[in-house]
Structures are given as C-alpha cells and as structure tokens.
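Asker: Sequence first, then the predicted structure, then my questions.
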Amino acid sequence: MKIWVKVLAGGVSEKSIDIEQGSTYYDVLACLKINPETIIIMVDHRPVPLDEMVSTDYLEILRVVSGG
C-alpha cells in the first residue's frame, strides 16, 4: 500500500512510502525512523492513535516541541 506522508518539523518534507496492508501508524514511524514520543500523526486534521491501522493514503506528522 502506498501512502503520502507530510512531515512538519522545522520545515516541510513530503514523501511516498510503501507499507504492508494492516500496518499501524507505529509501523509508518518505524519505516521513517521517527521517534513516536516526539510527534503527533494527523489524518483529516485530527490526531490518530499510533496503534490504529493505517486507513488513509495521506497523513501529516507534526513534531511536538516542549520546554520551559
């Protein structure tokens, strides 16, 4: 299954990746080598749980920045 991923982290990058049917958003992050503790995945402008199966062909990954 081919999906488009837009990564918003100090800039914007878009790429297409191939994942297996039934993959979760955790699997997408593993494929991209992104730490799941530092991001939020958005589908149709709504956050999705990382353990949910991928059900779209386009998603956005937002880097979360926190600090004091």
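Answerer: Here it is on my side, so go on.
Asker: how near is residue 14 to residue 8?
Answerer: Relative to residue 8, residue 14 is positioned 10 Å away (criterion: CB to CB, to the nearest Å). For glycine as for every other residue, the C-beta is placed from the backbone atoms N, C-alpha and C.
Asker: These two - which one has more neighbours?
Answerer: Just comparing residue 14 and residue 8: by other CB atoms under 10 Å the higher neighbour count belongs to residue 8, 15 against 11.
Asker: wait, isn't the more buried one in contact with residue 60?
Answerer: Yes. Here residue 8 reaches residue 60: they are 6.3 Å apart, a contact under CB atoms under 8 Å.
Asker: Run through the strands of this structure in chain order.
Answerer: Counting by DSSP state E, the chain forms strands over residues 2-8, 12-18, 39-43, 46-47, 58-63, given from the N-terminal end onward.
Asker: now the ones you listed in a markdown table, with mean pLDDT?
Answerer: A markdown table is the format used below for the strands of the chain (pLDDT from 0 to 100):
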| stretch | mean pLDDT |
| --- | --- |
| strand 2-8 | 96 |
| strand 12-18 | 95 |
| strand 39-43 | 97 |
| strand 46-47 | 96 |
| strand 58-63 | 96 |
